[in-house]
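K.L.:
Only the shape, not the letters, is given here:
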């Protein structure tokens, strides 16, 4: 198996930990960030800053044109971001149709082109209630397809698939990571809102680990 891996890196705290987990495990990382028209485009700037500081090969790919096809998500349309916990029914409005299947498919194509054997992405158990494309059964089926979709077999690897965001942060802190260059909030304003599901889950993770979140909140 080649030592090269592609990491889908959004700029959020989960993918930041995944990126560093791959580096910590001695992988040669090719980071891939997608601009799909998300209103929290601010996360892309954080991703760029981190990859420059780590001297990681990084591509930012603009696929925002797909929003002509994928309507109805509060992350990409003119729809208010819901407030409340991820488990709330209202958070389903943040689902971007088929997003992870699209992103993983592109990442696998990139992996084949650079000779990487794995694609890392940061799905975790906290996503399972709302996002079908973060659930273990989805990852398992995508893995089956990606092993036969090309002459070269590529594995979809989600190191935190069955653990919580708090557990992800725990692992990151053990690696000595600082989360000041990560962005989680679904609102792309100057400060994080602290009220959307993404913010609430992030704040819970820091609270569970008895550490302070370095981000500023409204």
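P.N.:
Structure received. None of these values were measured; they are calculated from a predicted model.

K.L.:
Wait, a strand at residue 33?
P.N.:
Yes: applying DSSP: H, G, I helix; E, B strand; the rest coil, one finds residue 33 inside a strand.

K.L.:
Model confidence at it, what's the number?
P.N.:
pLDDT for residue 33: 96.

K.L.:
contacting residues for it?
P.N.:
8, 9, 10, 11, 44, 47, 48, 58, 59, 60, 61 (Cβ atoms under 8 Å, 6 or more residues apart in numbering). Quick note: C-beta positions are derived from backbone N, CA and C, even for glycine.

K.L.:
can you do 7 Å?
P.N.:
Contact analysis of residue 33 by Cβ atoms under 7 Å, 6 or more residues apart in numbering lists 9, 10, 11, 44, 47, 58, 60.

K.L.:
Let's see if you can find the most crowded of the residues you listed.
P.N.:
Greatest neighbour count in these, by other Cβ atoms under 10 Å, goes to residue 9: 32 neighbours.

K.L.:
hang on, that residue packs against residue 29?
P.N.:
No: counting by Cβ atoms under 7 Å, residue 9 does not reach residue 29; the two are 8.7 Å apart.

K.L.:
Name the residues contacting each of those two.
P.N.:
residue 19.

K.L.:
show me where pLDDT drops low in this protein?
P.N.:
The model of the chain has pLDDT under 70 over residues 1, 39-40, 69-97, 126-130.

K.L.:
So for the longest helix along it, what gets flagged as buried?
P.N.:
Longest helix in the chain, counting residues (DSSP state H): helix 99-114. Neighbour counts using 16 or more other Cβ atoms under 10 Å place 99, 100, 102, 103, 104, 105, 106, 107, 108, 110, 111, 112 of helix 99-114 among the buried residues.

K.L.:
now do stretch 17-37
P.N.:
Buried positions in stretch 17-37, judged by neighbour count with 16+ other Cβ under 10 Å: 17-23, 27, 29-34, 36-37.

K.L.:
now that stretch, how far from the chain's geometric center?
P.N.:
Distance, stretch centre to chain centre, for stretch 17-37: 10 Å (Cα atoms, centre = their mean, to the nearest Å).

K.L.:
how close does residue 167 get to residue 14?
P.N.:
Counting by Cβ to Cβ, to the nearest Å, the separation of residue 167 from residue 14 is 11 Å.

K.L.:
Repeat that for residue 108.
P.N.:
20 Å.

K.L.:
got it, and residue 67?
P.N.:
Applying Cβ to Cβ to residue 67 and residue 14 gives a distance of 23 Å.

K.L.:
Looking at these two, which is more packed in?
P.N.:
Set side by side, residue 67 and residue 14 show more neighbours around residue 14, with 26 against 15, by other Cβ under 10 Å.

K.L.:
Which residue is the nearest non-sequential neighbour of that one?
P.N.:
residue 122 (3.8 Å; Cβ to Cβ, 6 or more residues apart in numbering).

K.L.:
The one you found against residue 18, yeah?
P.N.:
Yes: between residue 122 and residue 18 there is a contact at 4.4 Å, judged by Cβ under 7 Å.
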